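# Provide a 3D model corresponding to the input given below.
(chains A and B)
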Amino acid sequence: MTNEQVMYRRLLRRETHAPRTVPAVVVASIGAVLLLALLAGGVWWLVDEAFRTEAMRRIDGVAVLGQQQALPWGIGAGLALVALVLVALAVLPGRRARRARMTDRTALLVDDGVLADSVAASVARRTGVDRGRVSVIVGRRSVTVRITPTSGVPVDPAAAESAVVETLAGIGFTAEPRVVIDTNGVVA
Amino acid sequence: MNATNRGMNRVLLFCTGAVLLIAGAAALAAGALSTGAAPTWLRGTASAAADVWSSIAGLTWEIPGIGSVSVLILIAVAALVLLTLVLIAFLSSRTRGRSKTVLEVDTPGGRTVVDRSVADAVLTAALSSRPDVLSARADAYRVRGTRALELAVVVQPGASLGAVVAAAEGAIREWDALLGARIPILLHLSDRRWRDALRSTTRVR
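Presented below is the predicted three-dimensional model:
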């Protein structure tokens, strides 16, 4: 494997997975602000007598509140919930709705929405159904096409399936087509 | 596309989550203890934690000229300062990797630098004028010490993707011939963004 292919592989793996930069930056910003506030409070505590007595009074008030039973339960449950969300963000793969492959010259990355548009247009052309009545959902392994036919005009599911397969093959991807034709048509 | 260290993002999220989980568990344990109906294992753990706390809190360090200072406070202050610095370093290292130049060639006669805008002009010119392309843009990035290009193309809904890819590869061949060097290119057929909804879906030529 050449150097370029190694790099393409790395690039495509990065681009098909969520970076988690936004949640990480939010968490880090909140953390940095809280820590700076704590440091400033600590210095103020050492310097200012009045601040010290005032802060002591506040802390005592919080400690009294902590004696109530509902408060620790609520705080604990809230913290645990946030913690679970953060751990899930850290651990889950976070795949993005994109498809990737390497061509001779480039690393090709296609968003699933683009594929869905293209598949819907070709299915509509092939089956003769209006584009507005073809809906396409592109999943990781399968492509689901839902067609609402014109009343009294049969739609060939095999034609729709071959349109899906050919459209995907045209750009070098494969997926299992699933065609659903609504039993109730519309008058058009 | 950039060179931000994404492993660090996940490490930060995981560590924060773990710390919050421990804090939440401690708060729940405090709630359970205050009801007086806590199970015995929780009481044992709590009393052990209280013992450790009192033994550490008693430690002091004699600093000449200042007097005795609690070791706990010293550790806490050091940890605070260190953590703050680490977080600020983390924040400032996020959007890394964008590059203004595509190629730098050093020759005895001097130094040639190819700007990103050249790549943008050459690669997108042929694509943007196509009726099945809404917009195209090229950006340069530094990835692991080498420079790479991202050619992002927003296609007209329902366009033939094979034709767009073929056109893009044609533009890339021209670019390769012009540059005289082969640099990695990521070709990205991307979803329409909200501002592309404002564009006309038909193009009259």
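
# can you name the next helix or strand after the helix or strand hosting B:Ala168?
Assigned by DSSP states H and E, B:Ala168 belongs to helix B:161-179. Remark: after helix B:161-179, the chain's next helix or strand is strand B:185-190, criterion DSSP H and E.

# that next one - which strands sit beside it in the sheet, and in what orientation?
In the sheet containing strand B:185-190, the strands it pairs with under DSSP bridges are strand A:107-111 (parallel), strand B:146-155 (parallel).

# buried residues in the helix holding B:Ala168?
By 16 or more other C-beta atoms under 10 Å in any protein chain shown, the buried positions in helix B:161-179 come out as B:161, B:164-165, B:167-169, B:171-172, B:175, B:179. Glycine gets a C-beta too; all of them are placed from N, C-alpha and C.

# that older thread, most neighbours per residue, which of the strands paired with strand B:185-190?
By mean neighbour count, with neighbours taken as mean count of other C-beta atoms under 10 Å in any protein chain shown, strand A:107-111 ranks first of these at a mean of 23.

# next SSE downstream of that one?
Under the assignment DSSP H and E, the closest C-terminal helix or strand after strand A:107-111 is helix A:112-127.

# would you map the helices across chain A?
Ranges of helices in chain A, per DSSP state H, are A:3-15, A:21-47, A:49-67, A:70-91, A:112-127, A:157-170.

# and the ones you listed as TSV, adding mean neighbour count and distance to chain B?
Below are the helices of chain A laid out as TSV (neighbours: other C-beta atoms under 10 Å in any protein chain shown; distance: least, C-beta to the nearest C-beta, whole Å):
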stretch	mean neighbour count	distance to chain B
helix A:3-15	16	5
helix A:21-47	15	4
helix A:49-67	10	7
helix A:70-91	17	3
helix A:112-127	22	3
helix A:157-170	18	4
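
# weakest of the ones you listed by average pLDDT?
Taking the average pLDDT of each of the helices of chain A, the minimum falls on helix A:49-67, with a mean of 81.

# contact partners of that helix?
In this structure, residues lying in contact with helix A:49-67 by C-beta atoms under 8 Å, 6 or more residues apart in numbering or on different chains are A:41, A:44-45, A:71-72, B:30, B:34.

# closest to B:Gly7 out of these?
Using C-beta to C-beta, A:Gly41 is the member of the contacts of helix A:49-67 that sits closest to B:Gly7, with 33.2 Å.

# tell me the contacts of the closest one?
Residues in contact with A:Gly41, defined by C-beta under 8 Å, 6+ apart, are A:Ala55.

# pull out the buried positions in the longest helix belonging to chain B.
Residue-count comparison of every helix in chain B, with assignments taken from DSSP H, identifies helix B:6-35 as the longest. Across helix B:6-35, burial judged by 16+ other C-beta under 10 Å covers B:6, B:8-10, B:12-14, B:16-17, B:20-21, B:23-24, B:26-32, B:34.

# show me what the helix or strand following it is packed up against.
The C-terminal neighbour of helix B:6-35 among helices and strands, as given by DSSP H and E, is helix B:40-57. On a contact count with 3 or more C-beta pairs under 8 Å, 6 or more residues apart in numbering or on different chains; DSSP states H and E, helix B:40-57 meets helix B:6-35, helix B:71-92.

# let's see 7 Å
The helices and strands touching helix B:40-57, judged by 3 or more C-beta pairs under 7 Å, 6 or more residues apart in numbering or on different chains; DSSP states H and E, are helix B:6-35.

# what packs against the helix it packs on?
The contact analysis (3+ C-beta pairs under 7 Å, 6+ apart) places helix B:6-35 against helix A:21-47, helix A:70-91, helix B:40-57.

# adding distance to A:Val138, write these out as JSON lines.
Output for the helices and strands packed on helix B:6-35, formatted as JSON lines (distance: least, C-beta to C-beta, whole Å):
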{"stretch": "helix A:21-47", "distance to A:Val138": "24"}
{"stretch": "helix A:70-91", "distance to A:Val138": "24"}
{"stretch": "helix B:40-57", "distance to A:Val138": "50"}
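
# surely A:Arg20 and B:Leu12 touch.
No - the pair A:Arg20 / B:Leu12 is not scored as a contact, 8.9 Å apart, by C-beta atoms under 7 Å.

# would you map out the domains in chain A?
The record assigns chain A these domain ranges, following automatic domain parsing: A:18-91, A:98-181.

# can I get stretch B:176-190 in CSV? Just the C-alpha atoms.
Below are the C-alpha coordinates for stretch B:176-190, written out as CSV (Å, rounded to 0.1, in the frame of the first residue of the first chain):
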residue,chain,number,x,y,z
ASP,B,176,-2.0,17.7,-11.7
ALA,B,177,-0.6,18.6,-15.1
LEU,B,178,-0.5,22.3,-14.1
LEU,B,179,1.1,21.7,-10.7
GLY,B,180,3.6,19.0,-11.9
ALA,B,181,3.2,17.2,-8.6
ARG,B,182,0.7,14.8,-7.2
ILE,B,183,-0.9,15.9,-3.9
PRO,B,184,-3.6,13.9,-2.2
ILE,B,185,-7.2,15.1,-2.9
LEU,B,186,-10.4,14.3,-1.1
LEU,B,187,-13.4,14.7,-3.4
HIS,B,188,-16.5,15.3,-1.3
LEU,B,189,-20.0,15.3,-2.8
SER,B,190,-21.7,17.1,0.0
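
# report the mean per-residue pLDDT for that stretch.
Stretch B:176-190 shows a mean pLDDT of 91 in the predicted model.
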